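> 3D, please:
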Amino acid sequence: MPSTRVQPGEAMSETIDVPAFAWYRLHAREAAALGVLLLAFSVLAGVALAHRGGTREVEFTSRPLPAARVYVNRAGMSELAALPGIGPRKAEKIIEARTKAPIMDLASLARAAGGISSANLERMRPYVEFGP
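You can find the predicted model right below:
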């Protein structure tokens, strides 16, 4: 490279071209944008946790299936309510309906209860007996 001598009081005539897109500036902008996003996320997460008041316990209850067969025409309310798809209200309806006429099959049981899904009827099939 040839050397250039500059005399005292004389300005350098060489200029450095700076591109319109400078890659070295991009990293600082990306870091700043990432910092702003991280700050916004932290604030939103803090507000959400403060608003909820912490965690909440979820109650889960399940009724065990009866260990033996349930005789629909003689069973009490608790025995009927233990069957899949039958709760206390449907058990009351069944007890009320069987006083008028005995229940002889799953279809009449579903009618007496005011409706039971076919899936629940299939699940309770091994546990019910319709004898006198």
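
> Specify the helix with the largest residue count in the protein.
When the chain is parsed with DSSP state H, its longest helix is helix 23-52.

> pLDDT (mean, whole number) over it?
Confidence for helix 23-52, expressed as mean pLDDT, is 80.

> what's the answer for stretch 97-111, then?
Averaging pLDDT along stretch 97-111 yields 87.

> If you count neighbours, what's buried in that stretch?
Ala97, Arg98, Ile103, Leu106, Ser108, Leu109, Ala110 (16 or more other Cβ atoms under 10 Å). Where you see a C-beta, it was placed from the backbone N, CA and C, and this is true even at glycine.

> Helix, strand or coil: sort out the third one for me.
In other words, Ile103. For Ile103, the assignment made with DSSP: H, G, I helix; E, B strand; the rest coil gives coil.

> List the contacts of Asn73.
By Cβ atoms under 8 Å, 6 or more residues apart in numbering, Asn73 lies in contact with Arg98, Pro102, Ile103, Phe130, Gly131, Pro132.

> how about those, which pair is most distant?
The most widely separated members of the contacts of Asn73 are Arg98 and Gly131, with 12.5 Å between them, by Cβ to Cβ.

> who's in contact with Tyr71?
Tyr71 makes contact with Glu129, Phe130, Gly131, according to Cβ under 8 Å, 6+ apart.

> how about it, phi and psi?
The phi and psi torsions at Tyr71 (degrees, to the nearest 10) take the values phi -90, psi 110.

> now do Ser118
Torsion angles, degrees, to the nearest 10, at Ser118: phi -60, psi -30.

> okay, it: pLDDT?
With respect to pLDDT, Ser118 scores 86.

> Let me know the secondary structure of the residue nearest the centre of the chain.
Per Cα atoms, centre = their mean, the C-alpha nearest to the average position across the chain is that of Val58, at 11.8 Å. State at Val58, reduced to three classes by three-state DSSP: coil.

> residues contacting it?
With contact set as Cβ under 8 Å, 6+ apart, Val58 has no partners.

> What separation is there between it and Arg52?
13 Å (Cβ to Cβ, to the nearest Å).

> cool, and Ser108?
Ser108 is 49 Å from Arg52, where distance means Cβ to Cβ.
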